[in-house]
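**Student:** sequence plus the predicted model coming up.
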Amino acid sequence: MTSEKKPALGRVMVIGGCGFLGHHVVRLVLRDYTTTSVSVIDLRCGNNRRPDSDGVRYHEADITDAARLDDIFAEERPDVIIHTASPAAQANDSVSHALFKKVNVDGTQAIIDAARKAGVKALVYTSSASVASDNKSDLINADERWPVIRGANQSEYYSETKAWAEELVLKANRAPEGPNLLTCAIRPSGIIGEGDRMAIYHMINIYRQGRTGVQVGNNDNLFDFTYVENVAHGHLLAAVALLATAKSSTVPLDTERVDGEAFFITNDSPVYFWDFTRAVWAAAGSPLGTDHVRKLPRSVGMVLGFLSEVFFGIIGKPPTFNRQRIVYSCMTRYYDITKAKKRLGYKPLVSLDEGVRRSVRWTLEQEEKAKAKGQ
């Protein structure tokens, strides 16, 4: 992309900009867009920092601290906010629930309030594709017309709080309290990439432990994984669209509008779950195919998951696998991203195969660095 064709974003602020997704958003902003300034807010700014020569300004802050946010917003005067901050969805206990509520809901509301005061034009929120899932039923080519699952029907509190925060963000669009603030939400599915310490990390651990010979279910369930650069790209396309709407004197047609809307973002390449897992193992160095694989019925997997939870609960350690991971490995979960294609002009920048290679390469490099440090 040549410099004269780079879209202008003005003053950009990335909240959670030192995190997994957030630091990729910062990288793409610097690579693909022209800006007046780029700033980051994160709880800790030690990881994934850009070189000083890039001119990114970093601010450490708890996003539930309204006074601190007001001070930073007054200093940076952002035109665009990309709000990616969120705890990792790794636990489902009361302590994690309190953290999910604090960061995802209370923190998002504090950001909305600060944005209104500071005259922010565009707010893009990182929601999750899981807001449409009850974590039991299959999602087959789901699009934004599917209902958001809340309350008693939502079995994961993380997804509940992401849906709650998404609702806050979308309701803030053109609201009387801040009529010039335009908002939208991006719902990514199954993010992988450099910085991922969940999906790819766990799959490589299974390979390291010699457990590639077990498959739960029939591998007939399609799943959407998304490379992180494509997710970042979707956020920034949304920001450009919101800024264009802010400049316009007319409200877009309902079939064209971005403000007040949510968008699923994927690699547009649904893949059978165990085929994806084996692609990760192959990229990590596994020479094995499928001849050694034994298939377990989902029901057996659920029993083993329960026993694993009980055993590791007794010894006070997190289980190596649990029933929820069994459910995910057998669940069909893919999305129709036509809306993002038409309204944002979205298409993946990086293929899923290349995304897997990059993700695995980064994870192996981290293993080598840890070994070199004696960890």
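**Tutor:** Alright, I've got the coordinates. Numbering: from 1, shown residues only.

**Student:** hmm, Tyr346 is touching Gly234, no?
**Tutor:** Yes: under the criterion of Cβ atoms under 8 Å, Tyr346 is in contact with Gly234, at a separation of 5.4 Å. Using the backbone N, CA and C atoms, a C-beta is placed for each residue, glycine as well.

**Student:** overlap of the contact sets of those two?
**Tutor:** 263, 265, 340 (Cβ atoms under 8 Å, 6 or more residues apart in numbering).

**Student:** ok, and the most crowded of these?
**Tutor:** Within the shared contacts of Tyr346 and Gly234, Ile265 tops the neighbour count with 29 neighbours, counted by other Cβ atoms under 10 Å.

**Student:** in contact with the residue lying closest to that residue once chain neighbours are set aside, which residues?
**Tutor:** Nearest residue to Ile265 in three dimensions, chain neighbours excluded: Gly234, at 4.0 Å (Cβ to Cβ, 6 or more residues apart in numbering). Listed by Cβ under 8 Å, 6+ apart, the contact set of Gly234 reads 186, 188, 263, 265, 340, 344, 346.

**Student:** from Ser308, how far out is Ile191?
**Tutor:** Distance, Ile191 to Ser308, by Cβ to Cβ, to the nearest Å: 25 Å.

**Student:** who has more neighbours out of those two?
**Tutor:** Comparing Ile191 with Ser308 by other Cβ under 10 Å, the one with more neighbours is Ile191, at 26 against 17.

**Student:** backbone phi and psi for the more buried one, please?
**Tutor:** Backbone dihedrals for Ile191, given as degrees, to the nearest 10, come out at phi -70, psi 130.

**Student:** what does Tyr335 give?
**Tutor:** Dihedral angles (degrees, to the nearest 10) for Tyr335: phi -130, psi 150.

**Student:** where do the strands sit along the stretch 101-250 of the chain?
**Tutor:** 122-126, 139-142, 182-188, 191-192, 214-216, 222-223, 226-227 (DSSP state E, counting those that start in this stretch).

**Student:** quick one on the thing from earlier: now the shared contacts of Tyr346 and Gly234 in JSON lines, with pLDDT, secondary structure and distance to Lys102?
**Tutor:** Shown next, in JSON lines, are the shared contacts of Tyr346 and Gly234 (pLDDT from 0 to 100; DSSP: H, G, I helix; E, B strand; the rest coil; distance: Cβ to Cβ, whole Å):
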{"residue": "Phe263", "pLDDT": "99", "secondary structure": "strand", "distance to Lys102": "26"}
{"residue": "Ile265", "pLDDT": "99", "secondary structure": "strand", "distance to Lys102": "26"}
{"residue": "Ala340", "pLDDT": "99", "secondary structure": "helix", "distance to Lys102": "30"}
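
**Student:** closest one of these to Leu222?
**Tutor:** Ile265 (16.7 Å; Cβ to Cβ).

**Student:** any idea how far Val105 is from the closest one?
**Tutor:** Going from Ile265 to Val105 by Cβ to Cβ gives 22 Å.

**Student:** got it, and Arg11?
**Tutor:** 26 Å.

**Student:** which secondary structure state does Val300 sit in?
**Tutor:** Put simply, Val300 is helix when judged by DSSP: H, G, I helix; E, B strand; the rest coil.

**Student:** give the contact list for it.
**Tutor:** Taking Cβ under 8 Å, 6+ apart, we find Val300 in contact with Val216.

**Student:** how far away is it from Arg323?
**Tutor:** 12 Å.

**Student:** what does Ala98 give?
**Tutor:** For Ala98 relative to Arg323 (Cβ to Cβ), the value is 23 Å.

**Student:** can you pick out the residue with more neighbours from these two?
**Tutor:** Neighbour count, other Cβ under 10 Å: between Ala98 and Arg323, Arg323 has more, with 17 against 11.

**Student:** which element is the residue nearest to that one when sequence neighbours are not counted on?
**Tutor:** Of all residues not flanking Arg323 in the chain, Gly305 sits nearest, at 3.8 Å (Cβ to Cβ, 6+ apart). Using DSSP states H and E, Gly305 sits in helix 298-315.

**Student:** chain center to the lowest-mean-pLDDT helix or strand in the chain: distance?
**Tutor:** One helix or strand of the chain scores below all others by mean pLDDT, DSSP states H and E: helix 323-330, with a mean of 85. A distance of 19 Å separates the centroid of the chain from that of helix 323-330, by Cα atoms, centre = their mean, to the nearest Å.
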